[in-house]
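Q: Pasting the sequence and the predicted model now:
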Amino acid sequence: MNPEQNNQESALIAALERKPEIAMPADFQLRLRAVLANEPPRRSATRVSFARATAYVAAACMAVALIVLTMLYPEAIKVPESMTFILEVLIVAQLMAVGFWLGTRNEG
């Protein structure tokens, strides 16, 4: 082994083993506060309620199902004993319940 190469390796090892000196300027805290004071406050991301989103999707699906059933079976309105009419009434009742729940529940 070359003595020059040995010196380079020992210098490299010594440099790697030496802890770096971390120095912070004396006015660092003041400068940081000044920068942060000038920034506008950040708005937090709006939180989406999974229950509310699910209720909206359910209400939309029920409304579409009601419209489709009414378009496919308009005679069901004239004959209230039919199963289609009963299904439509159930869908309307569910839609009203979901609408009531969405209207009275406040997001907190």
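A: Arrived safely, thanks for sending.
Q: For this structure, give me the ranges with low pLDDT.
A: 1, 44, 48, 76-77, 80, 106-108 (pLDDT under 70).
Q: helix or strand right after the helix or strand hosting Ala34?
A: Using DSSP states H and E, Ala34 sits within helix 28-38. As assigned by DSSP H and E, the chain's next helix or strand after helix 28-38 is helix 50-72.
Q: For that next one, which outside residues touch it?
A: 76-77, 84, 87-88, 91-92, 94-95, 98-99, 101-102, 105, 107 (CB atoms under 8 Å, 6 or more residues apart in numbering). C-betas here are computed from N, CA, C, even on glycine.
Q: can we see that at 6 Å?
A: Helix 50-72 is contacted from outside by 88, 91, 94-95, 98, 102, using CB atoms under 6 Å, 6 or more residues apart in numbering.
Q: Phi first, then psi, for Met24.
A: Backbone torsions for Met24, taken as degrees, to the nearest 10, come to phi -110, psi 130.
Q: gap between it and Thr104?
A: 55 Å (CB to CB, to the nearest Å).
Q: Among the contacts of helix 50-72, which one sits closest to Lys19?
A: Nearest to Lys19, judged by CB to CB, of the contacts of helix 50-72 is Leu102 at 60.3 Å.
Q: any idea which element that closest one lies in?
A: Going by DSSP H and E, Leu102 is in helix 83-104.
Q: distance between that helix and the chain's centre?
A: Computed by CA atoms, centre = their mean, to the nearest Å, the chain-centroid distance of helix 83-104 equals 28 Å.
Q: If we go by neighbour counts, what in it is buried?
A: By neighbour count on 16 or more other CB atoms under 10 Å, the buried set for helix 83-104 is 84-85, 88, 91, 94-95, 98.
Q: Reformat these as JSON lines; add distance to Ser49.
A: Shown next, in JSON lines, are the buried residues of helix 83-104 (distance: CB to CB, whole Å):
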{"residue": "Thr84", "distance to Ser49": "34"}
{"residue": "Phe85", "distance to Ser49": "34"}
{"residue": "Glu88", "distance to Ser49": "29"}
{"residue": "Ile91", "distance to Ser49": "24"}
{"residue": "Gln94", "distance to Ser49": "19"}
{"residue": "Leu95", "distance to Ser49": "19"}
{"residue": "Val98", "distance to Ser49": "14"}
